[in-house]
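Visitor: Take this sequence and fold it.
(one chain, ligands or ions: 2)
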Amino acid sequence: MKTYQTKNIRNVVLIGGSRSGKTTLSEAMLFEGKVIDRRGSVEDKNTVSDNTEFEQTNQKSINATPLYAEFGGCKINVIDAPGSDDFSGGALSAFKVVESAVMVMNGTAGVEVGTTIFARYADKYGIPMIIAVNQMDHEKANWDLVRTAIGEEFGKKAVICQFPVNPGPGLEGFVDVITMKFYNAKNEELEIPAAYADEAEELRAELMEKAAEGSDELMEKFFDTMELSTDEIREGLRSALQAGEAIPVFCTAAKSNIGVRRLMEFIVNVAPSPEGKVEKTVEGGELKCDPAGPTAIFIFKTAVEQHLGDVSYFKVVSGTLNEGADLVNPESGNGERLSAIYSVAGAKKEKVASIAAGDIGCVMKLKAGKTDVTLAQSGVDAVAHMVLPDAKYRCAVKAVDKNDEAKVGDALNKIAAQDPTIGVEYSKELRQTILSGMGEQHINYVKWRVNNEFKLNVELFAPKVPYRETITKVATATYRHKKQSGGAGQFGEVSMLICPYIEGEPAGNKFKIDGKETELKIKNQQVFDLEWGGKLEYINCVVGGAIDEGFMPAILKGINDKMAEGPLTGSYARDIRVYVYDGKMHPVDSKEIAFIIAGRNAFKEAFRNAGPKILEPIYNVDIITPNDYVGPCMSDLNTRRGMKGLHRPPRPRSARRALPLLDYPQLPHRRRRYLHDDLRRVRSGSCRRPDEAPRRVRRPGAGRGLVPRLFLE
Ligand SMILES: Nc1nc2c(ncn2[C@@H]2O[C@H](COP(=O)(O)OP(=O)(O)O)[C@@H](O)[C@H]2O)c(=O)[nH]1
Ligand SMILES: [Mg+2]
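Guide: Ligands and ions are numbered 1, 2, ... in the order given. Have a look, this model is predicted:
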């Protein structure tokens, strides 16, 4: 294959709901681009894109597959992304390397949950979007429904560039209002049939208006003549598309290969090329997509492929990559030789001599073996890392055979290095390894990989709940630690008062101690942010040198030790104010260890008397569901003690409803408005497989008359 110049490259990702036809469309694009001479189908399990066993068995895409088609003098790199939110990591990492997205919509269903999810992502990541209304040949194809739904979802941004003639199994073709031609089922370009001329004129007028908004010049011309040429429409659409102001709408029937060629033509003519695109670097600098610039490639996907081992897919962000290039990873300093480089269409890989800036390719067996990595000529910074959403689903994982524990750890870490939406961490608090991902299917896929690729058996189960402990009242305690028999003696005595820490409320100094109104003299105070969320305020009120200043850190250490292992259940304690107001020393035996022990025990005793409470984590969740599932979703959430949020966002115009749930309920007491910043860890507690019956958790402390309260993130 020849080396394509940057301006002749188009990088697009196919996004959209599951089963809208992305994989089928990519197959048709490859066929039109002469990469394959026979179209496979999802049902026959022989598409270029869905080429892994898991994908073929499940008849759905799991991985984002880079493909290409040579068309109209251009190389269109097509990344076929999975449609399920569980595997959205594939689409989101593709956003890092494409200049536009084709949103494939199911012509029988209109706007689906997947459409909304991925349109939001495209908007968030600033990726221009083209809509392809697919399955126009399906017996249930409904153009009017889809068109209305598009209008409701995308408003004025959506510009209809095509409409179908006789949608359904007898689909005759599409009228295109950019070229003002009719494309029949054999993809031939014909004059528009008279019956559709008026509708075409009407849509063209709307299209011209939208295109005119693309630039001031075009707007002027449009006002003067009320007419724009086809090229001017293209130019205007390109600007509006790139600015995120226009979403051109096309129609396809990928399975019968109708309209695909015309869509590709539009991509070549109007979709942006990578030329001049600027990537930010980790150091805040910029890398311009220029074939004459310094060589830098960015790895956006890593996969283990049959017979090939590790394959790294990259985009040349700058410069020109030649085979045999020696590059370095600017972040680790490790060098890599790229002895052979390939153009890639799924499993089909073609060796090439060089790849220019903006193009996508792959390389095998890199030492780095990781995604989200830059390899560049020395002196060039790494490209800024991908920004991916936080994990939505967590579970605990362990090896079935205890002897495999280390191997399972290695396997999970390897998978996580390849897929940045997978997280693996050992939770010290829960004493469990927590595996996190984008959804249940995603986690199950990891399990499948561990079983099949690494030949190890793992068990997934619900993680423990990360409870917290706190207090609700003021209490005091005095503890004397004395060890004066045999060897060196130890002596330390600490008197402390503890009370709840309330954010923004200054520390008081008037308390009733031993039945006497007492005013404490605050000498100094420090507020500590606790590693597990919440605060500890440590206040020194010791008068008359009862305890040396030098022992104060030892007492604090004792308190910290006990807070890390709460007196009630061993969970972390938080939001407590400690006043050390008195104590005793011994001229010889007082030493650090004595005060650590005295601090720890005094705290423990005071805590027990201070109305201790167990706190249970709650989480904010946003749920998007079709109207039909609102009821089941609500009752499912009720079985999990879900609370409906107080802050309802405005209802979207479309048929679906966004239900904000578990939004901050207004709890009556400020003290309960617990702020927890260590989101990740706390969230790890809430995950449960949706198919699993709600667990009856015997909450710690329940038997002791302690009613768990909630704490909020
Ligand atoms: N009738 C019809 N069926 C289609 C079309 N495109 C895809 N399909 C079918 O829709 C199903 C899902 O297609 P697939 O390409 O896997 O969708 P993806 O999940 O978006 O990748 C498969 O059974 C396809 O054969 C189309 O244009 N017309
Ligand atoms: Mg697919």
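Visitor: Mind checking which residue lies nearest the centre of the chain?
Guide: For the chain, the residue nearest the mean C-alpha position is P389 (2.0 Å; Cα atoms, centre = their mean).
Visitor: I figured that one hits F95, correct?
Guide: No - with contact defined as Cβ atoms under 8 Å, P389 does not reach F95; the gap is 11.8 Å. (Each C-beta comes from the backbone N, C-alpha and C, glycine too.)
Visitor: got the contact list for the residue in the stretch 351-500 of the chain positioned nearest to ligand 2?
Guide: Using Cβ to the ion, the closest approach of the stretch 351-500 of the chain to ligand 2 is made by Q441 at 13.7 Å. Neighbouring residues of Q441 by Cβ atoms under 8 Å, 6 or more residues apart in numbering: 84, 86-87.
Visitor: Just the buried residues from these, in PyMOL please.
Guide: Entered in PyMOL, the line below selects the buried ones among those, by 16 or more other Cβ atoms under 10 Å:
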select buried, resi 84+86+87
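Visitor: what's the helix or strand for the residue of the stretch 351-500 of the chain closest to ligand 2?
Guide: If you go by DSSP states H and E, Q441 is part of helix 440-452.
Visitor: what's the offset of that helix from the middle of its chain?
Guide: Distance of helix 440-452 from its chain centroid, counting by Cα atoms, centre = their mean, to the nearest Å, is 18 Å.
Visitor: need the next SSE after it, C-terminal direction.
Guide: The helix or strand immediately downstream of helix 440-452 is strand 458-461, counting by DSSP H and E.
Visitor: Identify the residue nearest the single nearest residue of the stretch 151-300 of the chain relative to ligand 1 in space, chain neighbours excluded?
Guide: Proximity of the stretch 151-300 of the chain to ligand 1 (Cβ to the nearest ligand atom) peaks at K255, 3.4 Å away. Nearest residue to K255 in three dimensions, chain neighbours excluded: T24, at 5.4 Å (Cβ to Cβ, 6 or more residues apart in numbering).
Visitor: Stretch 248-255: end-to-end distance?
Guide: Using Cα to Cα, to the nearest Å, one end of stretch 248-255 lies 21 Å from the other.
Visitor: ok, which residues in the stretch 1-150 of the chain are in contact with ligand 1?
Guide: Taking Cβ under 6 Å from any ligand atom, the part of the stretch 1-150 of the chain that reaches ligand 1 is made up of 18-24, 41-43, 60-61, 83, 104, 134-135, 137-138.
Visitor: If we use 8 Å, what do you get?
Guide: With the criterion set to Cβ under 8 Å from any ligand atom, the stretch 1-150 of the chain comes near ligand 1 through 14, 16-27, 41-43, 47, 49-50, 59-61, 80, 82-83, 104, 106-107, 134-139, 141.
Visitor: Now, of these, which are buried?
Guide: For those, a burial check counting by 16+ other Cβ under 10 Å picks out 14, 16-27, 42, 47, 49-50, 60-61, 80, 82-83, 104, 106-107, 134-138, 141.
Visitor: Least confident secondary structure element in this structure?
Guide: Here the helix or strand of the chain ranked lowest by mean pLDDT, DSSP states H and E is helix 679-683, holding a mean of 29.
Visitor: quick one: P587 from I341, how far?
Guide: 77 Å (Cβ to Cβ, to the nearest Å).
Visitor: now swap in I471 and tell me
Guide: Distance, I471 to I341, using Cβ to Cβ: 63 Å.
Visitor: residue in the stretch 301-450 of the chain nearest to ligand 2?
Guide: G346 (11.7 Å).
Visitor: What is the neighbour count of that residue?
Guide: Residues lying near G346 (other Cβ atoms under 10 Å) number 23.
Visitor: next one: Y393
Guide: Around Y393 there are 21 residues (other Cβ under 10 Å).
Visitor: Let me know whether it touches N444 as I believe.
Guide: No - look at Y393 against N444 with Cβ under 8 Å: they stay out of range, at 10.1 Å.
Visitor: Show me which positions of stretch 376-393 end up buried.
Guide: Under the neighbour-count criterion of 16+ other Cβ under 10 Å, stretch 376-393 has 376-377, 380-384, 386, 388, 391-393 buried.
Visitor: biggest separation within those residues, which pair?
Guide: The span of the buried residues of stretch 376-393, defined through Cβ to Cβ, is set by Q377 and Y393 at 39.9 Å.
Visitor: Just to be sure, I623 is in a helix?
Guide: No - with DSSP: H, G, I helix; E, B strand; the rest coil as the criterion, I623 is located in strand rather than a helix.
Visitor: Tell me the pLDDT of it.
Guide: Note on I623: pLDDT of 75.
Visitor: which residues does it bridge with?
Guide: In this entry, I623 is beta-bridged to L659, by DSSP bridges.
Visitor: For ligand 2, what's its nearest residue on the stretch 151-300 of the chain.
Guide: Ligand 2 sits closest to A254 of the stretch 151-300 of the chain, with a gap of 10.9 Å, by Cβ to the ion.
Visitor: Same question for the stretch 101-250 of the chain.
Guide: Residue of the stretch 101-250 of the chain nearest ligand 2, by Cβ to the ion: V104 (9.1 Å).
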